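Enquirer: whatever this is, show me its structure:
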Amino acid sequence: MNTFGNIFRLTSYGESHGAAIGGIIDGCPAGITIDIGFIQSELNRRKPGQSKITTPRKEADEVEFLSGIYEGQTTGTPIGFIIHNNNQHSSDYDNLKNVYRPSHADYTYTQKYSIRDHRGGGRSSARETIARCVGGAIAKLALKQLNIEITAYTSQVGHIKLEKPYTEYNSSLIESTPVRCPDLEKSAEMINLIEEVKSKGDTIGGVISCVIKNTPVGLGEPVFGKLHAALGSAMLSINAVKGFEYGDGFDVNHRGSEVNDVFYNDNGTIKTRTNHSGGIQGGISNGQDIYFRVAFKPVATILMHQDTITGHGEQIDLKARGRHDACVLPRAVPIVEAMAAMTILDYYLLSKKDKAF
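Expert: Just a heads-up that it's a prediction; the model follows:
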């Protein structure tokens with residue numbers, strides 16, 4: 001299960017401290033103009049060492065394409081790519097070779113496979129998500145031709161959260177702060193909180209919000225292929241994600257008369273006066289903005305003493321070493337966008353089968 005998607009498919013490979021991370025994209029339509037600079041900029045938004053509130057690991061994260069692109073355009077054949085790992089400190093993990101770190105995948109991987117790569121978490125490391133950002137960047141380039149825009153931002157860190165609807169924020173401010181929050185005052189508070197938590201060797205979680213604009217009506221399959229279910233599955237596949245909600249989500253303290261989205265005719269275009277449904281009704285996009293929220297837990301690796309056990313059942317005191325994020329949200333913003341882009345493109349391609357020409 002290392003492949004994502006139905007028609008537009010990404011298969012990723014690699015481990016945190018292996019030689020490289022990479023992937024193969026299959027099902028990408030031919031004729032998509034490939035902007036290498038844009039793809040690299042998407043990887044730069046995810047890469048480590050980009051600010052004082054992210055892990056200090058230094059990686060160039062430069063992608064090399066091996067196939068499927070000719071004279072700046074996709075050819076319709078599989079797109080192979082690779083990103084080399086150049087700055088591993090594997091010795092930082094020597095003390096973890098036979099240890100089950102609290103809230104990590106060490107125990108479950110060992111039980112499932114009877115072997116695991118303990119260096120940086122191996123395949124369970126969030127470094128794998130760099131392949132998703134490549135796939136997402138190419139999906140974004142394809143969606144650009146359809147005028148579909150995807151924007152994510154940090155909307156909560158710990159107890160500090162944005163209170164207003166997404167429509168009241170200026171998305172052009174998202175990249176102006178290291179935490180990727182469009183509210184500059186709240187952003188400063190979030191950064192201070194992350195720095196405070198980091199200074200104590202601890203971690204903190206939060207929420208990323210995402211908005212998809214100009215989605216055509218009709219994306220999504222009935223019953224078992226609903227668009228919101230696909231988006232939820234995509235988001236829950238991201239490391240450290242614990243929750244997903246779209247539209248009003250868990251804000252259920254309302255009557256139907258208060259939240260039903262009433263239709264009206266806007267000069268020949270059917271629209272809704274409100275968007276409590278989050279752009280999806282019956283599992284199918286209705287043309288309004290799709291918006292959702294993704295909850296991330298605090299990073300499991302904390303630089304503090306914890307009780308745990310070894311693979312032999314021995315009780316020990318553990319203090320992790322290495323370079324880690326105190327909060328994953330700033331670097332997870334482009335990952336959320338990437339997974340959303342691949343999902344929307346995949347379901348757009350699926351929709352081409354729904355009607356006779």
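
Enquirer: separation between the nearest residue to Q145 once chain neighbours are set aside and Q73?
Expert: Nearest non-adjacent residue to Q145, counting by CB to CB, 6 or more residues apart in numbering: I32, 7.4 Å away. From N, CA and C alone the C-beta is placed, and that goes for glycine too. Remark: distance between I32 and Q73 (CB to CB, to the nearest Å) = 6 Å.

Enquirer: also I309?
Expert: In terms of CB to CB, I309 sits 54 Å off from Q73.

Enquirer: same thing with I208?
Expert: Relative to Q73, I208 is positioned 32 Å away (CB to CB).

Enquirer: higher neighbour count, these two?
Expert: I208 (27 against 13; other CB atoms under 10 Å).

Enquirer: within the helices and strands, which one has the more buried one?
Expert: Using DSSP states H and E, I208 maps to strand 206-213.

Enquirer: list the contacts for T74?
Expert: Residues in contact with T74, defined by CB atoms under 8 Å, 6 or more residues apart in numbering, are 28-32, 34, 68, 138.

Enquirer: hmm, 10 Å instead?
Expert: Neighbour list for T74: 25, 28-34, 68, 138, 141-142 [criterion: CB atoms under 10 Å, 6 or more residues apart in numbering].

Enquirer: which of these are buried? Put it as a ChimeraX command.
Expert: In ChimeraX, a selection of the buried entries from the contacts of T74 looks like this (16 or more other CB atoms under 10 Å):
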select :25,28,32,34,68,138,141,142
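
Enquirer: now, which of the contacts of T74 lie within helices?
Expert: 138, 141-142 (DSSP state H).

Enquirer: of these, closest to A131?
Expert: Nearest to A131 among those, counting by CB to CB, is I138 at 11.3 Å.

Enquirer: what does the model give the closest one for pLDDT?
Expert: Listed pLDDT for I138 reads 98.

Enquirer: and if you look at the one 3 residues further on?
Expert: Looking at L141, its pLDDT is 98.

Enquirer: now do the helices in the protein.
Expert: Going by DSSP H, the chain shows helices at 36-46, 106-113, 129-144, 184-199, 227-236, 256-259, 329-351.

Enquirer: compare these and say which comes out lowest on pLDDT.
Expert: Mean pLDDT values for the helices of the chain show the minimum at helix 106-113, a mean of 89.

Enquirer: so where is the chain shaky, pLDDT-wise?
Expert: The model of the chain has pLDDT under 70 over residues 56-57, 87-94, 120, 322, 355-357.

Enquirer: what does the residue sitting furthest away from the middle of it show for phi and psi?
Expert: Within the chain, N267 marks the point farthest from the mean C-alpha position, 37.1 Å out by CA atoms, centre = their mean. Backbone torsions of N267, given as degrees, to the nearest 10, read phi 50, psi 50.

Enquirer: show me the contacts for it.
Expert: Contact analysis of N267 by CB under 10 Å, 6+ apart lists nothing.

Enquirer: and for S67?
Expert: 24-25, 75, 77-81.

Enquirer: please redo it, this time with the cut-off set to 7 Å
Expert: Neighbour list for S67: 77-80 [criterion: CB atoms under 7 Å, 6 or more residues apart in numbering].

Enquirer: top of these by number of neighbours, please.
Expert: Among those, the one with the most neighbours (other CB under 10 Å) is I79, at 24 neighbours.

Enquirer: was I right about it contacting I25?
Expert: Yes. With contact defined as CB atoms under 7 Å, I79 counts as touching I25 (4.1 Å).

Enquirer: could you dump the ones in helices among the contacts of T74 into TSV with distance to D248 added?
Expert: TSV is the format used below for these (distance: CB to CB, whole Å):
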residue	distance to D248
I138	32
L141	32
A142	30
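
Enquirer: closest to S103 among the contacts of T74?
Expert: Ranked by distance to S103 (CB to CB), these are led by I25 at 32.0 Å.

Enquirer: do a quick rundown of the strands in the stretch 51-200 of the chain.
Expert: Secondary structure of the stretch 51-200 of the chain by DSSP state E, counting those that start in this stretch: the strands cover 63-65, 69-70, 73-74, 79-84, 99-100, 149-157, 160-161.
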